[in-house]
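# I would like to see how this sequence folds:
(chains A and B)
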Amino acid sequence: MAVRDPVPPIFRRGLPRSARLTIFLLLTLALMVSDLQLRYLDALRQTLTVISYPLQIAAASPAEFFRNARAYFTNLATLNQENARLRAQQLVTARQLMDVGQLREENANMRRLLELRGALRERVIPAEIIFPARDPFSRKVILDKGSLNDIEPGSPVVDGEGVIGQITRVFPLHAEVTLLSDKNQAIPVTVQPSGLRAVMFGAGNGLMELKFLAANAEVKPGDRILTSGLDGIFVPGLPVAEVINVTRDSAESFARILCRPLGKVERSGAVLVLMRTEPAQQRPADEQALDPRRSTAGRIRNKAAAEASEAAEEGTP
Amino acid sequence: MQPTHRSSRLLQPVRMGFVVFSLLLALTLSLIPAGHFLAMPDFVALVLAFWCVREPLRVGMATGFVLGLVVDVAHGAVMGQHAAAYVLLAWASLQNSRRLLWFSPGAQALHMLPLFLMVQVVMLLLRLLAGDRFPGWEYFFTCFTTAILWLPAHYLLLLPQLRPEERDENRPL
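Next comes the predicted model:
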């Protein structure tokens, strides 16, 4: 009679291949659900970037080197042209800046007269797009600044011409910007001449779409679209897009309005991250008396934020 | 040079260090910022499938799972999207490894094409379920470019094992 081995075969051989497959697939499904629905996985993501970010930089630097080399060897004529254009542009902006300085002073005086408090002051962090993210299903780019440079999720990102997107994920050394042309990105806007308010969504193919506007809405090609600031995230009045095509189909109750972004969405370059420092909240006196510890903490934080914004303003002449 | 089961040529045992190095290299190659050039081959899937076929006892679904997670994070995709696809790819390659090794490298590439297509389809299905939009038919070019790369990858990754037993100073390979 054969001696029976006390260890059952499943432990000697390990799990069968099909069982391992099932376990791994269930694990990945659990990961997907917790990432998409519950958003639990930020810590895991942050940890894995420790592995992936050096590789990403290693892969991106040869491409960047070639780009820089090509820029180095651009011919004199192009540079002269660009120089002339920039000079002309600088004259225009210098004049605007003079106006702005005067207006700002005037505004401060008016606010003091009206005893309005908490004018919005924003901090600006310059950053650079290092590469577009590889995921073909979404439209994202990677910035070279992260949480170590005080970048916060949710901040709007603009370039010289207009809004390009919003920061959605922040890692220590880099940040992910979801571009306005991403299908899941929405931004509240106003249409310029008519003043209509609407919400704009990415169409996914590099263009954007104004949704939920009535078929007889007063929108025509060439209209400019600005942020409305209703969300409390985007500063009002930033240029976003230009209407290129309006289709009014009587069968549908909404017009189909396609827009082209004004900012150089999806091209690399220098951008600005607008950090919004909230206006100091005025607390009621009784609450201050009730909870001195909390109010002190708030004051200190506000002071720190104010100092930081002043420092940022001094840094940018 | 035809290092399949049909050839009489004997291979040296693989070094695990080289396997890890090749997987890391594939990971780096897959992170090259190609923008929206959709026909970029999936280097990680290629090298992972290759080692699953060649060394089914050492490289398998766990490797695919870990690599998939890293690719997900680096590409900014949904967590688990590449992991699921790579686990399935590793499983299919393990199942087919004994049969595949009797074919010539070209025929192997043809056999791998449906597996790489499966990787694309799995990721597409998962993302469509998650509510994303279809990126266009060019999306499927990736599996063809990956399968074409099977031939050069086959020779490159087997080079260290093709060295002769006794070293000849005049002929290093």
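# So stretch B:71-78, near chain A or not?
Yes. Part of stretch B:71-78 sits close enough to chain A to count as contact by CB under 8 Å from any CB of the partner chain, namely B:71, B:73, B:74, B:75, B:76, B:77, B:78. No exception for glycine: its C-beta is placed from N, CA and C like everyone else's.
# repeat for stretch B:97-112
No. Where contact is defined by CB under 8 Å from any CB, no part of stretch B:97-112 touches chain A; the two come within 11.2 Å at best.
# Now the terminal residues of that stretch, how far apart.
Using CA to CA, to the nearest Å, one end of stretch B:97-112 lies 11 Å from the other.
# Run through who's touching it.
With contact meaning CB atoms under 8 Å, 6 or more residues apart in numbering or on different chains, stretch B:97-112 is reached by B:2, B:4-6, B:49, B:52-54, B:56, B:93, B:96, B:147-148, B:150-151, B:154-155.
# Tell me the buried residues within those residues.
Applying 16 or more other CB atoms under 10 Å in any protein chain shown to the contacts of stretch B:97-112, the neighbour count classes B:49, B:52, B:53, B:54, B:56, B:93, B:96, B:147, B:150, B:154 as buried.
# Can you point out the helix or strand that includes the second one?
If you go by DSSP states H and E, residue B:52 is part of helix B:43-54.
# immediately after that helix, which helix or strand?
Downstream of helix B:43-54 (by DSSP H and E), the next one is helix B:61-75.
# Could you pull out the buried residues of the helix or strand that comes right after that next one?
Counting by DSSP H and E, the next helix or strand C-terminal to helix B:61-75 is helix B:81-100. Of the residues in helix B:81-100, B:81-97, B:100 count as buried by neighbour count, 16+ other CB under 10 Å.
# what number of residues lie near residue A:68?
Look at residue A:68: counted by other CB atoms under 10 Å in any protein chain shown, it has 11 neighbours.
# Three-state assignment for it, please.
Secondary structure, DSSP: H, G, I helix; E, B strand; the rest coil: residue A:68 is helix.
# What score does it have for pLDDT?
What the model reports as pLDDT for residue A:68 is 76.
# One more: residue A:92?
In the predicted model, residue A:92 carries a pLDDT score of 91.
# in what helix or strand does it lie?
Here residue A:92 is assigned to helix A:76-114, by DSSP H and E.
# rewinding a little: what helices or strands is the helix holding residue B:52 leaning on?
Applying 3 or more CB pairs under 8 Å, 6 or more residues apart in numbering or on different chains; DSSP states H and E, we find helix B:43-54 packed against helix B:16-30, helix B:61-75, helix B:81-100, helix B:105-129, helix B:141-148, helix B:150-158.
# And the third one, how far out from the chain middle?
So that's helix B:81-100. On the basis of CA atoms, centre = their mean, to the nearest Å, helix B:81-100 sits 9 Å off its chain's mean C-alpha point.
# what inclination does that helix have with respect to helix B:43-54?
Counting by axes from the mean of the first three to the mean of the last three CA atoms, to 10 degrees, helix B:81-100 lies at 30 degrees to helix B:43-54.
# tell me the mean pLDDT for helix B:81-100?
Summarised as a single mean, pLDDT over helix B:81-100 is 93.
# Same check on the first one?
Mean pLDDT, computed over helix B:16-30, is 92.
# Report the buried residues of it.
For helix B:16-30, the neighbour count (16+ other CB under 10 Å) marks B:19, B:22, B:23, B:24, B:26, B:27, B:28, B:29, B:30 as buried.
# Any figure for the gap between the residue most central in space within chain B and residue B:111?
Geometric centre of chain B, nearest residue: residue B:46, 1.8 Å, by CA atoms, centre = their mean. According to CB to CB, to the nearest Å, residue B:46 and residue B:111 sit 14 Å apart.
# How about residue B:79?
Using CB to CB, one obtains 30 Å as the distance from residue B:79 to residue B:111.
# Is it correct that residue A:136 falls within a strand?
No. Read with three-state DSSP, residue A:136 is coil and lies in no strand.
# just checking, what packs against the longest strand seen in chain A?
As assigned by DSSP state E, the longest strand anywhere in chain A is strand A:121-132. Applying 3+ CB pairs under 8 Å, 6+ apart, one finds that strand A:121-132 contacts helix A:42-72, strand A:140-143, strand A:270-277, helix A:292-315.
# Next, the angle from the longest one to helix B:61-75.
Right, the one you point to is helix A:42-72. Angle, helix A:42-72 to helix B:61-75, by the same axes, to 10 degrees: 60 degrees.
# Remind me what helix A:42-72 packs against, helices and strands.
Packing contacts for helix A:42-72, counted by 3+ CB pairs under 8 Å, 6+ apart, involve strand A:121-132, helix B:16-30, helix B:61-75.
# can you redo the ones you listed as a markdown table with distance to residue A:89?
Formatted as a markdown table, the helices and strands packed on helix A:42-72 follow (distance: least, CB to CB, whole Å):
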| stretch | distance to residue A:89 |
| --- | --- |
| strand A:121-132 | 18 |
| helix B:16-30 | 40 |
| helix B:61-75 | 37 |
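# and of the ones you listed, who's closest to residue A:26?
Among the helices and strands packed on helix A:42-72, the nearest to residue A:26 by CB to CB is helix B:61-75 (11.5 Å).
# what ranges of the stretch 51-200 of chain A fall below the confidence cut-off?
Under the criterion pLDDT under 70, the flagged ranges of the stretch 51-200 of chain A are A:115-122.
# so which residue of it comes closest to chain B?
Chain B sits closest to residue A:131 of the stretch 51-200 of chain A, with a gap of 3.2 Å, by CB to the nearest CB.
# What's opposite that residue in the beta bridge?
For residue A:131, the beta-bridge partners are residue A:142 (DSSP bridges).
# check contacts around the closest residue to residue B:127 other than its chain neighbours.
Setting aside the residues directly before and after it, residue B:127 is nearest to residue A:137 in space (CB to CB, 6 or more residues apart in numbering or on different chains), at 4.7 Å. Counting by CB under 8 Å, 6+ apart, residue A:137 touches B:77, B:127, B:132, B:133, B:135.
# what do you get for residue B:153?
Going by CB under 8 Å, 6+ apart, residue B:153 touches B:46, B:47, B:50.
# Skipping its backbone neighbours, what lies nearest the first one in space?
When the adjacent residues along the chain are set aside, residue B:46 lies closest to residue B:146, with 5.2 Å between them (CB to CB, 6+ apart).
# Check the one you found and give its pLDDT.
pLDDT at residue B:146 comes out at 93.
# That one: how many residues sit nearby?
Residues near residue B:146, counting by other CB under 10 Å: 27.
# give me every residue that touches it.
For residue B:146, the residues meeting the contact criterion (CB under 8 Å, 6+ apart) are B:41, B:42, B:43, B:45, B:46, B:116.
# out of these, which is most surrounded?
Within these, neighbour counts (other CB under 10 Å) peak at residue B:45, which reaches 29 neighbours.
# I'd like the distance between it and residue B:58.
From residue B:45 to residue B:58 the distance is 18 Å (CB to CB).
# residues in the stretch 51-200 of chain A within reach of chain B, list them.
Residues of the stretch 51-200 of chain A found near chain B (CB under 8 Å from any CB) are A:51-53, A:55-56, A:58-60, A:63, A:130-138, A:140, A:142, A:169, A:176, A:183-184.
# swap the cut-off to 7 Å and go again
Counting by CB under 7 Å from any CB of the partner chain, the residues of the stretch 51-200 of chain A close to chain B are A:51-52, A:55-56, A:58-60, A:63, A:131-138, A:140, A:176, A:183.
# what about residue A:242, which SS state?
Per three-state DSSP, residue A:242 ends up strand.
# my guess is it contacts residue A:259, does it?
Yes. With contact defined as CB atoms under 7 Å, residue A:242 reaches residue A:259; the gap is 6.3 Å.
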